[in-house]
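[1] With the sequence up front, the predicted model follows.
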Amino acid sequence: MKKTHHSLAALALAAGASLAQAQSAGQLNVVCSVQDEWCSLMSTTFTRSSGIKVNVLKRGSGEALAQLIAERTNPKTDVWFGGTGDPHLQAAEQDLTLAYKSPSLAQLHPWAQAQAEQSGWRTVGVYSGPLGFAFNTELLAKKKLAPPKCWKDLLAPALKGEVQVANPASSGTAYTMIATIVQLMGEDKAYEYLKGLHANVSQYTRSGTGPIKAVARGETTVSISFVHDAPGEQMQGFPIATDTPCEGTGAEIGSMSIVKGARNLDNAKKFYEWALTPGAQQLGVAAKQFQLPSNKSTPLDSRIPDFRKIKFIAYDYAKYGQSAERKRLIERWEREVNSLPR
């Protein structure tokens, strides 16, 4: 009886100690711009290992930037994780994020280090993914259409009403597409191309992942998407395949930033360092997301796109990550492309 009493007392003490540890560890507020399952896995795994309670708010990258701007004088967010890199660079440019030079930088791929350097150490690359096409193989066969292999293929009259892409005003994916085509063709030719493409687009979706989900479910034949979003759909049995453009393509650099004025700064730095480790970066694949992780030591799943086989342009992240440049290109798209009848 006495022994049991001691055991219960020890358990109570241990429980009290772990509760005290959790309370002293405090909390962390994260705005998360990757898919829900990945956000959830990141927060629960980090809480389990650190005792820090994580409050997650899910936002697309454009919406996350708008929130940081709105909260500038009284930040409620500590860390912004994921989403295309351009809005992170804009946040850096607008002094919304904190300069923090991670001791782990040397372990990261050069593109992730470059993202940190050009932002004045206010953001860092956590993953990368190439822009390309996804297509529904059953619909292509049924309509006797060839799968697109090049940007020019998307202008084929046979694809009228068969293409979906997101709206660049709300989607980092679609803005990456515009910036890629401008760098590939020159600005005026790029907008002529986008006008031609407009004739074949059935819908501009709000979210960057909307078009590839529509392709998977047979609601459209072709999408312009990040190709790393396809394996998750294939795993669910959808008839979907991808390719990257023969002329060359761009890639997103998904990024992470600490918010300037973060209330839980020490915890924000702990999360930041943890998120750059191979263990944390493997959680993407666990959540059925197949971007290339930024830590060179992260084991790679076979479904992650092989960057060595893709023709990339020399994407100028510094230029196209500027607020003024993004605003100008999107306004030109609204004025010259989106206003046209289809």
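    Received, thanks. Residues are numbered from 1 along each chain as shown.

[2] Quick check on residue 133: phi, psi?
    Taking degrees, to the nearest 10, you get phi -120, psi 140 for the backbone angles of residue 133.

[3] For the closest residue to it other than its chain neighbours, give me its contacts.
    Distances taken as CB to CB, 6 or more residues apart in numbering place residue 148 nearest to residue 133, at 5.0 Å, with adjacent residues excluded. In this view, the C-beta of every residue, glycine as well, is placed from N, C-alpha and C. By CB atoms under 8 Å, 6 or more residues apart in numbering, the contact list for residue 148 reads 133, 135, 154, 156, 159, 222, 243.

[4] Quick one: classify residue 148 as helix, strand or coil.
    coil (DSSP: H, G, I helix; E, B strand; the rest coil).

[5] can you give me the helices for the stretch 101-250 of the chain?
    When assigned using DSSP state H, counting those that start in this stretch, the helices of the stretch 101-250 of the chain occupy the ranges 110-118, 137-142, 172-185, 187-198, 210-216, 230-234.

[6] So for the last one, mean pLDDT?
    In this case it means helix 230-234. For helix 230-234, mean pLDDT is 95.

[7] ditto for stretch 86-98
    Stretch 86-98 comes out at a mean pLDDT of 95.

[8] which residues are contacting it?
    61-62, 64-65, 68-69, 72, 80, 115, 118-120, 122-123, 172, 175-176, 179, 255-260, 262, 265, 317-318, 320-323, 326.

[9] what do you get if the cut-off is 6 Å, keeping everything else the same?
    With contact meaning CB atoms under 6 Å, 6 or more residues apart in numbering, stretch 86-98 is reached by 61, 65, 68, 119, 122-123, 255, 257-258, 260, 321, 323.

[10] how far out from the middle of the chain is that stretch?
    Relative to the chain's own centre, stretch 86-98 is displaced by 16 Å; criterion: CA atoms, centre = their mean, to the nearest Å.

[11] Stretch 218-229 now?
    The chain centroid and the centroid of stretch 218-229 are separated by 16 Å, computed with CA atoms, centre = their mean.

[12] quick one: secondary structure of residue 263?
    coil.

[13] tally of neighbours for the closest residue to it other than its chain neighbours?
    Nearest residue to residue 263, sequence neighbours excluded (CB to CB, 6+ apart): residue 78, at 6.6 Å. For residue 78, the neighbour count with other CB atoms under 10 Å is 26.

[14] No further questions, thank you.
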